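Sequence plus predicted model, see below.
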Amino acid sequence: MTQQKQYPHHIDLKPVMHVEGVVRLPGSKSISNRTLLLAALAEGTTTIIDLLASDDTLVMLGALRSLGLTWEQVDEHTHIVHGGGGTLPVHEADLFMGNAGTAIRPLTAALAVIGGDYTLHGVTRMHERPIGDLVDALNAIGAQIEYTGVEGFPPLRIRRGHIHAQRLSVRGNVSSQFLTALLMAAPLMAREQAVTIDVVGELISKPYIEITLNLMRRFGVTVEQDGWQSFTVQPGQRYASPGTIHVEGDASSASYFLAAGAIGGGPIRVEGVGRDSIQGDVRFAEALEQMGATITRGDNWIEARSNGVLKAIDADFNHIPDAAMTIAVAALYADGTTTLRNIASWRVKETDRLAAMATELRKLGAIVVEGPDFISVTPPEGELRAATIDTYDDHRMAMCFSLASLDGKARRGNTMRINDPKCVAKTFPDYFDAFAGIAHENLI
Ligand SMILES: O=C(O)C1=C[C@@H](OP(=O)(O)O)[C@@H](O)[C@H](O)C1
Ligand SMILES: C=C(OP(=O)(O)O)C(=O)O
């Protein structure tokens, strides 16, 4: 969808003998789309520096424009959003959401609360990704949201409801984005009375809620938190522009380069995230440390280098589900069986990532056990097999499997093919250029 770039049908990656270099990361998807929506809902004008330019942010920008909210890109690094102060100039719109969970879920809540006549739809896979828990939570407080296709999934039709919210509840075990969506919409409901959101069941992907609360605070709204069980917004708080806001580099995108450094020598430094990051995915570096890599951190950078063969680990990855995919591929270079646990949400993301990961890792010769919420990866003895990797229209499949071209497993002569590399445009359109920039000493 991103127009600027031409992609081939596949990319052939030759074995890479050594990786080294510095990568300037693209902006965080999670921060970009939250910031765009908060800026649009706020009073005043917000200048956003280093917004991510990718399919997921394009759909959010496009939706805001269709809703009559104005924004301009003034130079390569700067967007300006003119806030609507909690109102929407356009009351009827058809919104294409691509496959961006960070767009459709928060917009559904905001539009249902503000009211109007809107349809939200996306690519085929978006229509297979659940949204029922969010719709149930909103309809229970007077929203009017209907499914126009299969119950529980987009497309959605939103009509003007009559919101009466003091206390609402939402399930937390399928996606944290439902709670994020309700939190961001809560100040629009809490005009006269406090609004409390209760989480039913275990909340997954908790660090993403911290990103949400942090950004709401920067836009002037504080949320009272009772553990991970309930969240209260006191009445009368309104979003106000912070003036200028800077988007950090994407910590999930950082994972591919840090893993490359840990596998293939390094040092590799990523710039744009570091000790000061608000993204949970910076904790990916801790997983690499457990695997034996050397990590150094600055306020705004992280560096990884190898200490020899990686150690296999067995760990819970519920807090970093996206970056965890990178560990599943790094596991090919470990000294035994690596197990990633508590990652059931992989099944409802861009593809069924547990099934896709198992299928593609097996092509490389790994022994893989796939369970309902875990995956175990045992690398083959000796070389990885030459393989053509399918990517399932999942940016992270394409990006993390590029690591299987690293030559830690002495795959001399084997070229690895990655099909349909254009799927990286969801969050990182220039990924393969950035990867080529750190990959050295190709043998063939
Ligand atoms: O809120 C967010 O920005 C995100 C939350 C996570 O989703 P889940 O909460 O569905 O795990 C993550 O996988 C996604 O890429 C981005
Ligand atoms: C799950 C992801 O995306 P989304 O924001 O669409 O949920 C992802 O980027 O890995």
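Structure received. Ligands and ions are numbered 1, 2, ... in the order given.

going forward, measure contacts and count neighbours with C-alpha atoms only.
OK.

Phi and psi next, for the residue of the stretch 251-400 of the chain found nearest ligand 1.
Closest to ligand 1 within the stretch 251-400 of the chain is Asp322: 5.2 Å, counting by CA to the nearest ligand atom. Here is the backbone geometry of Asp322 (degrees, to the nearest 10): phi -70, psi -50.

Get me the contact residues on the protein for ligand 1.
Those residues of the chain that sit near ligand 1, judged by CA under 6 Å from any ligand atom, are 30, 102, 175-177, 205, 208, 321-322, 345.

Secondary structure and pLDDT for those - can I get that in a markdown table?
Output for the residues of the chain next to ligand 1, formatted as a markdown table (DSSP: H, G, I helix; E, B strand; the rest coil; pLDDT from 0 to 100):
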| residue | secondary structure | pLDDT |
| --- | --- | --- |
| Ser30 | helix | 99 |
| Thr102 | helix | 98 |
| Ser175 | coil | 98 |
| Ser176 | coil | 98 |
| Gln177 | helix | 98 |
| Ser205 | coil | 98 |
| Tyr208 | helix | 98 |
| Pro321 | helix | 98 |
| Asp322 | helix | 98 |
| Ser345 | helix | 98 |
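
can you redo those residues as JSON lines with neighbour count and distance to Leu310?
Putting the residues of the chain next to ligand 1 into JSON lines (neighbours: other CA atoms under 10 Å; distance: CA to CA, whole Å) gives the following:
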{"residue": "Ser30", "neighbour count": "24", "distance to Leu310": "30"}
{"residue": "Thr102", "neighbour count": "24", "distance to Leu310": "34"}
{"residue": "Ser175", "neighbour count": "22", "distance to Leu310": "31"}
{"residue": "Ser176", "neighbour count": "20", "distance to Leu310": "31"}
{"residue": "Gln177", "neighbour count": "24", "distance to Leu310": "33"}
{"residue": "Ser205", "neighbour count": "23", "distance to Leu310": "26"}
{"residue": "Tyr208", "neighbour count": "22", "distance to Leu310": "28"}
{"residue": "Pro321", "neighbour count": "23", "distance to Leu310": "21"}
{"residue": "Asp322", "neighbour count": "23", "distance to Leu310": "20"}
{"residue": "Ser345", "neighbour count": "21", "distance to Leu310": "26"}
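
ok, which of those residues also contact ligand 2?
Filtering those for proximity to ligand 2 by CA under 6 Å from any ligand atom leaves 102, 322.

of the residues of the chain next to ligand 1, closest to Ser169?
Nearest to Ser169 among the residues of the chain next to ligand 1 is Ser176, at 13.0 Å by CA to CA.

Isn't that closest one up against Ile209?
Yes. Using CA atoms under 8 Å, Ser176 is in contact with Ile209, at 7.0 Å.

Doesn't Gly336 belong to a strand?
No. Judged by DSSP: H, G, I helix; E, B strand; the rest coil, Gly336 forms no part of a strand; its state is coil.
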